[in-house]
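> Any chance you could fold what I've pasted below:
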Amino acid sequence: MDTVIVQLPEETPARHRRMRQKPRLLHMGPGETKDFGRGVPGELPAIVLTDPGVSRNAGRIEAAGDFWRLSNFSATSTYVVENLEGAGEYVKVAPGRLGAPIPFEFSRVVLPALDGTAMFKVFAPQHAYAQDGAGPDYGERTVSPFSLDPTSKYFLVLVALCEPRLRSSSGAALPGAGEIVERLRPLESCRDLTRSAVNYHIDYLTSAKLRLRTVQEDDLPAYGPKDGGRVGAKREDVVTLALRFNLVHEEHLSLLPRRGVAPCPTAADAAASEAAASSPPAHERLIRRRL
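I've put the predicted structure just below:
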């Protein structure tokens, strides 16, 4: 049974291709190994990386059950294995490291090269997961370390805060309170959301739900030129922990309104509209005053 699939590098660069090529796949079973690198004339590895900055015998991958291992034969270069589903997660494999276990189901192996980077993808589709309720059912009940309610408003704020990192990369800038207000305003439940409320929800996540700050830290005065840095660091800590432990993932993005949807009117806007509709036109008011 194939437990690891390697998508081989494209033979022709994308800028030179006239039509899309079908991916070339290399199937591996448990215990199989395949080398990668430039190779030598007359003896090419299974995974050929043609960039002159890549070693001739750069490394090896090994299928091991429902995961795989990576060996780095280079004496100077560190390899990076990116999680294609992990919002910026990656594993670094140091020079000379042998048999480093890779836990990701969808991965991209990236090597430093003269022409940017050399890379190929590895899939491990046979990951096994325990069923709900597996294990003994006696003893004290296990308490979840992060008890989050996906139907709550603070969770919507958390999803909006994490959205840039989920959609792009780990280096994407995080939205401020005003941007989160505008992002969530189209939702009926958030039409009266304010910047102060967003900051309150972030403080609540930080201190009560994710426990990232002590009481003493939260009691520090939130004034002065350093306040912006402190608030930004708090948002960064919240997002880092939420994505690291998969508390927020791509499926949660469906909780956010679609881009381009008009925001729901606030209670103040509705009251103003009702008052304007019930008041007589300006020329009628002028006639009444003259009478």
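> quick one: contacts for Lys123?
Actually, residue 123 is Phe. It isn't Lys. Neighbouring residues of Phe123 by CB atoms under 8 Å, 6 or more residues apart in numbering: Val4, Ile5, Val6, Gln7, Glu105, Phe106, Ser107. C-beta: built from backbone N, CA, C; applies to glycine.
> next one: Val122
Val4, Ile5, Val6, Gln7, Ile61, Trp68, Val81, Ile102, Ser107, Arg108, Val109.
> In this protein, spot the helix with the most residues.
helix 227-244 (DSSP state H).
> Tell me which residues of that helix come out buried.
Using 16 or more other CB atoms under 10 Å as the burial criterion, the residues of helix 227-244 that qualify are Val231, Lys234, Arg235, Val238, Val239, Leu241, Ala242, Leu243.
> Check which element follows the helix or strand hosting Val81 along the chain.
Using DSSP states H and E, Val81 sits within strand 79-83. Along the chain past strand 79-83, the next helix or strand (assigned with DSSP H and E) turns out to be strand 90-93.
> what sits up against that next one?
Strand 90-93 has contacts (CB under 8 Å, 6+ apart) with Leu70, Asn72, Thr78, Tyr79, Val80, Val81, Glu82, Asn83, Ala100, Ile102, Phe104.
> Can you go through those and name the buried ones?
Buried, going by 16+ other CB under 10 Å: Leu70, Asn72, Tyr79, Val81, Glu82, Asn83, Ala100, Ile102, Phe104, out of the contacts of strand 90-93.
> measure stretch 50-57 end to end?
One end of stretch 50-57 sits 12 Å from the other (CA to CA, to the nearest Å).
> pLDDT of it, averaged?
The pLDDT scores in stretch 50-57 average 94.
> now swap in stretch 108-120 and tell me
The model assigns stretch 108-120 a mean pLDDT of 91.
> got the contact list for it?
Residues contacting stretch 108-120 (CB under 8 Å, 6+ apart): 6-9, 36, 47, 49-54, 58, 61, 70, 77-82, 84, 121-122.
> cool, and stretch 40-51?
By CB under 8 Å, 6+ apart, the residues outside stretch 40-51 that reach it are 6, 8-9, 26, 34-39, 56-58, 61, 111, 113-115, 118, 120.
> and what of stretch 58-71?
Stretch 58-71 has contacts (CB under 8 Å, 6+ apart) with 3-4, 6, 28-38, 47, 49, 72-74, 77, 79, 81, 93, 97-103, 109, 111, 122, 124, 126-128.
> Kindly recompute the last result at 6 Å.
Contacts to stretch 58-71, defined as CB atoms under 6 Å, 6 or more residues apart in numbering, come from residues 3-4, 28, 30, 32-37, 72-74, 93, 98-102, 124, 126-128.
> Start and end of it, how far apart?
Terminal residues of stretch 58-71 lie 9 Å apart, using CA to CA.
> can you check stretch 189-200 too?
Start-to-end, stretch 189-200 (CA to CA) is 16 Å.
> That stretch - what's its average pLDDT?
Averaged over stretch 189-200, pLDDT sits at 93.
> quick one: that stretch to chain centroid distance?
24 Å (CA atoms, centre = their mean, to the nearest Å).
> Counting neighbours, which bits of it end up buried?
Quick answer for stretch 189-200 (16+ other CB under 10 Å): Cys190, Arg191, Leu193, Ala197, Val198, Asn199.
> give me the low-pLDDT residue ranges for this structure?
Where the chain drops to pLDDT under 70, the residues are 1, 11-21, 86-87, 131-138, 169-170, 213-230, 261-291.
> Can you show me the helices along it?
With DSSP H, the ranges of helices along the chain come out as 153-167, 177-184, 195-204, 215-218, 227-244, 267-278, 282-290.
> What is the second one packed up against?
Here helix 177-184 touches helix 153-167, helix 195-204, going by 3 or more CB pairs under 6 Å, 6 or more residues apart in numbering; DSSP states H and E.
> possible to save these as TSV with distance to Ala177?
Putting the helices and strands packed on helix 177-184 into TSV (distance: least, CB to CB, whole Å) gives the following:
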stretch	distance to Ala177
helix 153-167	9
helix 195-204	4
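> Looking at the ones you listed, spot the one closest to Gly176.
Among these, the nearest to Gly176 by CB to CB is helix 195-204 (8.4 Å).
> between the closest one and helix 227-244, how big is the angle?
In terms of direction (axes from the mean of the first three to the mean of the last three CA atoms, to 10 degrees), helix 195-204 departs from helix 227-244 by 60 degrees.
> Next, the angle from helix 195-204 to helix 177-184.
Between the axes of helix 195-204 and helix 177-184, defined by the same axes, to 10 degrees, the angle is 100 degrees.
> Remind me what helix 195-204 packs against, helices and strands.
Judged by 3+ CB pairs under 6 Å, 6+ apart, the packing partners of helix 195-204 are helix 153-167, helix 177-184.
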